[in-house]
Each structure stands twice: as C-alpha cells, then as structure tokens.
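Asks: no sequence on this one, just coordinates:
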C-alpha cells in the first residue's frame with residue numbers, strides 16, 4: 001500500500017526550495033559551455049526534418065544551431081511550407097519521406113517529429129539509410145516495434161537520441177542521483193502523476209480532404225479511415241489508431257525518469273494492473289483513447305509504481321461539467337490513497353524507507369535535497385550521464401560517435417511498461433511480464449494485443 005501522508009504537507013516543508021538558494025549551484029551544470037565544432041560549412045551535418053509540426057519544428061529550430069536543414073517533409077503541405085520558411089527558406093519540400101531520402105542522399109541526420117504511428121517506420125528507414133536520428137517520443141507504437149528498432153540501431157551503429165528532454169534538465173538528474181545513492185533509503189514506491197488532457201469529443205463527420213494534404217501518406221501504416229480534421233495534428237493523440245494515448249505520450253517522459261531513478265534501464269515491471277476511463281464510451285467516430293487511468297505495477301526489488309492521471313483542477317472540472325460521473329470517478333480511483341486523490345501537481349515521487357524526493361518540471365524537493373548543500377554526494381557516488389542541452393548532446397555524439405543520454409534500449413524499456421499498462425487497461429485484468437525474455441506470461445490473448453504487435457497497412461510497412 002502507498003503511504004497516506006499527504007504529499008502537499010511534504011512539499012510545504014520544502015517550499016523554500018522554490019527560491020534561488022545555496023542549492024542552485026548544485027543544479028546548474030559545472031561543465032563548461034562546449035561549442036560543437038560545427039562552425040565550418042564542412043563540419044555542419046546536413047539535416048532532414050520529417051514531421052515539422054509543433055514539437056518537430058521546435059526540435060528542428062534547435063538543430064539549426066549545429067546543422068543545415070536541406071529538406072522538410074510533411075503530408076500536410078501547409079505545415080511543410082511553414083517549416084521551410086521558419087528554417088531559413090532554403091529547404092526542399094516533400095510530402096513523402098521516402099522521396100526525400102531518395103532525393104537527398106547527402107542528408108546526415110533525420111529529425112523525426114511525426115505522430116506515433118509513423119515513428120518506427122521512419123526511424124528504421126533512417127538507420128538503414130545510414131542516417132543518425134533524433135527520434136521524438138513516444139518511441140514506438142508497439143512492444144515488437146521497439147525490439148525491432150533496438151536491433152536495427154545495434155546492427156547499423158547509428159547514433160539515436162530519443163526526445164526525452166527532461167533527462168537533460170539538471171533537477172531530474174539530481175532526483176535520480178539521490179535515489180540511486182540511497183538518500184531516501186531502500187526505495188519502496190514510486191508515484192507518477194500526470195495532468196489531464198480531456199479527450200471528450202465526437203462523433204466527427206467525414207470531411208473532404210484538403211488539396212494540400214496527402215491523406216493516404218498521413219495515415220501510412222495505420223488503418224484506412226475517412227478524413228476528418230480532428231484526426232490530425234495535436235488531436236491524433238486521442239485516437240488509438242495513431243498512438244497509445246496519455247499513457248504513452250507522457251509516460252515516455254515521466255515513467256522514463258522513474259526508471260532512471262529505479263535503475264531499470266534493462267528491466268521492467270513484473271505485474272501490471274490498469275484501468276482507464278474512456279470519455280466517449282466506445283462510440284463510433286469519436287476519440288477512442290482513455291484520457292485518464294490508474295495503473296499499478298510491481299517491479300524487481302519489490303518496488304511498487306502507482307502511475308495515474310491525477311485529479312487536478314481540470315479533472316475536477318470534468319466532474320462538475322458532467323463529462324464523468326461521481327460513480328465513474330470513484331470506480332477509477334478505488335484503492336488509491338487519499339493523498340494521491342487530492343494531489344494537484346504532476347511529477348514523480350520516489351518513496352523510500354528513510355525519505356522522499358519529488359521532482360517535476362518546476363524543480364526537485366524533499367529533505368534529501370535540502371541536505372545536499374551541507375552533505376553533498378561523495379566523490380565515489382553513483383553519477384548519472386550529464387547532459388544540459390538535449391539537442392546539443394545529440395549533435396556532439398553525432399560528431400564523436402559516443403552514445404547520447406537517451407538511447408533506444410532504455411527508452412524501449414520505458415515505453416514497454418506504458419504499452420503493458422494499455423494492454424491491461426483494455427483487457428480489464430492483471431497481466432504478468434517477464435522482463436528478461438520480454439514476453440507476457442501465461443496470457444495468449446494479452447500477448448496478441450495491438451499494443452504488443454499490429455499489422456501495418458501496405459505499402460507503408462516497416463522496412464525489413
């Protein structure tokens with residue numbers, strides 16, 4: 001069971017850490033600002049950007065510090081043309097990544113900012129074409145895709161950075177180092193809390209495909225569906241055809257930090273039991289991913305993880321608006337300690353038998369953090385990979401051929417845990433996982449889940 005101590009009272013005891021104090025220097029990198037030697041034209045990698053939408057365009061803009069964008073690709077020509085303008089106006093524009101790779105063999109680096117269903121086909125194709133790769137999260141659509149990508153990366157020797165930028169933020173590293181060095185004692189539990197993104201919507205009628213959109217290419221390996229604008233851009237996350245929903249979208253970030261602190265780079269959960277709330281109740285032509293869930297996972301070392309969408313202000317508003325009934329809320333949160341039912345902040349709480357550490361995008365908190373100034377980690381302490389700029393770390397490794405901070409192997413393990421939560425949620429029962437064999441144990445139906453493996457629509461199958 002998870003302790004009943006309110007995390008709010010815990011945070012209040014550490015609230016002074018929100019202000020700049022003596023620990024600020026601990027969180028700021030002591031590594032000198034390193035200028036990648038990409039100033040001369042011949043030193044600057046040639047970059048191709050696939051999926052230059054919101055996040056993809058942001059990553060591409062960061063990449064322009066180190067490389068030159070030669071091509072952008074998006075089935076939505078409006079987005080591709082906008083990206084070309086933002087990225088300097090010189091890039092060639094494509095709507096099919098295969099044509100881009102054929103036309104520009106000189107490309108050194110691919111940035112993949114596509115929706116989830118396109119991640120693995122493009123990532124595999126890029127590696128097989130000899131390109132290094134910045135791969136946005138979630139890493140894969142299924143567990144089997146992750147196994148394949150891991151093998152392809154190993155066989156091709158490409159440098160691949162997964163877009164889990166929190167790993168290059170010092171306070172997340174600090175939290176994980178404290179846990180890995182025993183500053184919370186024996187780690188017992190981890191609580192991972194996400195904010196709510198409501199996904200109530202539909203049914204959405206079919207609409208004419210815009211002249212500027214190649215709808216067949218956008219769907220790619222996903223099942224053929226009638227076009228409606230609600231399937232594109234940010235809201236693709238709400239459709240199971242294209243992604244694993246909030247479980248995977250934020251899970252790659254926050255479960256990833258939990259795994260980092262738990263030292264689970266090469267392992268994963270043993271038991272997974274999850275339930276979700278589907279706001280559209282399976283109606284046709286509606287968003288069909290769960291927008292809130294509660295998952296319990298048991299890990300090696302007798303560590304428990306509680307992974308859930310928290311009952312924040314946005315969540316509570318859905319109750320008053322009638323998007324979810326009180327009975328449905330009570331059923332979803334049955335057995336969850338009151339402290340976590342009431343919590344308003346998202347983040348990761350590491351709970352040991354001697355203390356706690358909480359970390360989120362705002363900072364790192366807890367008594368072990370307060371004690372760092374007077375009692376720093378010793379010289380022989382476990383130190384984690386240090387990166388203070390995710391895209392710079394990637395380009396440094398493109399140049400040096402060293403491994404970046406967020407590689408495919410550990411991140412495949414992270415997203416596997418998230419996929420397993422989806423398997424359990426959709427089947428409505430506990431499942432068992434063998435992290436050494438990477439197999440679901442004793443449940444053939446679960447092993448055939450679409451989150452383990454799904455067929456790709458031709459001619460967009462993952463390259464062999």
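Replies: The structure has been received and is ready for your questions. Fair warning: this is a prediction, and the values are worked out from it, not measured in the lab.
Asks: for the rest of this, base every contact and every neighbour count on C-alpha atoms.
Replies: Fine.
Asks: the strands in the stretch 151-300 of the chain, which residues?
Replies: 160-162, 187-194, 271-277, 292-299 (DSSP state E, counting those that start in this stretch).
Asks: of all these, which one is nearest residue 367?
Replies: strand 187-194 (15.1 Å; Cα to Cα).
Asks: show me the contact partners of that closest one.
Replies: 2, 179, 250, 254-255, 258, 262, 302-310, 345-353 (Cα atoms under 8 Å, 6 or more residues apart in numbering).
Asks: drop anything exposed from those residues.
Replies: Neighbour-count burial (16 or more other Cα atoms under 10 Å) applied to these gives 2, 179, 250, 254-255, 258, 262, 303-310, 345-352.
Asks: list the ones among those that fall in helices.
Replies: Applying DSSP state H to the buried ones among the contacts of strand 187-194, the entries found in helices are 179, 254, 255, 258, 262.
Asks: surely the third one and residue 412 touch.
Replies: No: if you go by Cα atoms under 8 Å, residue 255 and residue 412 don't touch, sitting 11.6 Å apart.
Asks: list the contacts for the closest residue to residue 159 other than its chain neighbours?
Replies: Using Cα to Cα, 6 or more residues apart in numbering and skipping the chain neighbours, the partner closest in space to residue 159 is residue 132 (5.0 Å). Shown in contact with residue 132 (Cα under 8 Å, 6+ apart): 108, 109, 110, 126, 158, 159, 160, 398.
Asks: confidence score at residue 132?
Replies: The model reports residue 132 with a pLDDT of 98.
Asks: is it in a bridge, and if so with what?
Replies: Legend: beta-bridge partners of residue 132 under DSSP bridges are residue 109.
Asks: distance of it relative to residue 49?
Replies: From residue 132 across to residue 49, the span is 12 Å (Cα to Cα, to the nearest Å).
Asks: pLDDT at the closest residue to residue 283 other than its chain neighbours, what is it?
Replies: Once flanking residues are discounted, residue 283 sits nearest to residue 203: 7.4 Å by Cα to Cα, 6+ apart. pLDDT for residue 203: 98.
Asks: and if you look at residue 11?
Replies: With respect to pLDDT, residue 11 has a value of 43.
Asks: and for residue 30?
Replies: On pLDDT, residue 30 comes in at 40.
Asks: for the one 3 residues further on, same thing?
Replies: Reading off the confidence values, residue 33 has pLDDT 37.
Asks: and what of the one 5 residues further on?
Replies: With respect to pLDDT, residue 38 has a value of 63.
Asks: again with the one 5 residues further on
Replies: Among the per-residue scores, residue 43 holds a pLDDT of 82.
Asks: phi and psi next, for it.
Replies: In terms of degrees, to the nearest 10, the main-chain angles of residue 43 are phi -90, psi -10.
Asks: that one and residue 426, how far apart?
Replies: Per Cα to Cα, residue 43 is found 49 Å from residue 426.
Asks: give me the more crowded residue out of the two.
Replies: residue 426 (16 against 13; other Cα atoms under 10 Å).
Asks: next one: phi and psi at the more buried one?
Replies: phi -80, psi -30.
Asks: that one and residue 304, how far apart?
Replies: Distance of residue 426 to residue 304, computed by Cα to Cα: 21 Å.
Asks: which one, of the strands of the stretch 151-300 of the chain, ends up nearest to residue 71?
Replies: strand 160-162 (19.3 Å).
Asks: partner strands of that closest one, with direction?
Replies: When DSSP bridges is applied, strand 160-162 pairs with strand 132-135 (parallel).
Asks: where does pLDDT dip in the chain?
Replies: 1-41 (pLDDT under 70).
Asks: one more time with 50
Replies: Residues of the chain meeting the criterion pLDDT under 50: 1-36.
Asks: domains for it, by residue range?
Replies: Domain ranges of the chain: 7-28+167-380+408-447, 41-166, per automatic domain parsing.
Asks: shared neighbours, residue 132 and residue 49?
Replies: What both residue 132 and residue 49 touch, as defined by Cα under 8 Å, 6+ apart, is the set residue 110.
Asks: buried residues, the helix or strand harbouring residue 58. List them.
Replies: Residue 58 is part of helix 54-63, with elements assigned from DSSP states H and E. The neighbour-count criterion (16+ other Cα under 10 Å) identifies 55, 56, 57, 59, 60, 61, 63 as the buried residues of helix 54-63.
Asks: repeat for stretch 235-246
Replies: Neighbour-count burial for stretch 235-246, counted by 16+ other Cα under 10 Å, picks out 236, 237, 238, 239, 240, 241, 242, 243, 244, 245, 246.
Asks: starting at the chain centroid, how far to that stretch?
Replies: Centroid displacement of stretch 235-246 relative to its chain, using Cα atoms, centre = their mean, to the nearest Å, is 13 Å.
Asks: name the residues that touch that stretch?
Replies: Contact partners of stretch 235-246, identified using Cα under 8 Å, 6+ apart, comprise 115-117, 141, 197, 199, 222-223, 230-231, 249, 287-292, 419, 422, 451.
Asks: how far does that stretch stretch from start to finish?
Replies: Using Cα to Cα, one end of stretch 235-246 lies 11 Å from the other.
Asks: what's the answer for stretch 431-448, then?
Replies: For stretch 431-448, the separation between the terminal residues is 13 Å (Cα to Cα).
Asks: buried residues in that stretch?
Replies: For stretch 431-448, by 16+ other Cα under 10 Å, it's 431, 432, 433, 435, 440, 446, 447.
Asks: which pair in those residues spans the largest distance?
Replies: Taking Cα to Cα, the two most distant members of these are 435 and 446; they sit 15.3 Å apart.
Asks: if I look at the residue lying farthest from the centre of the chain, how far off is residue 366?
Replies: Residue farthest from the centre of the chain, counting by Cα atoms, centre = their mean, is residue 374 at 34.8 Å. The spacing between residue 374 and residue 366, counted by Cα to Cα, is 14 Å.
Asks: what residues are up against residue 309?
Replies: Residue 309 makes contacts with 193, 194, 195, 196, 292, 293, 294, as judged by Cα under 8 Å, 6+ apart.
Asks: export the buried residues of helix 54-63 to TSV and tack on distance to residue 89?
Replies: Shown next, in TSV, are the buried residues of helix 54-63 (distance: Cα to Cα, whole Å):
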residue	distance to residue 89
55	19
56	17
57	14
59	17
60	13
61	13
63	15
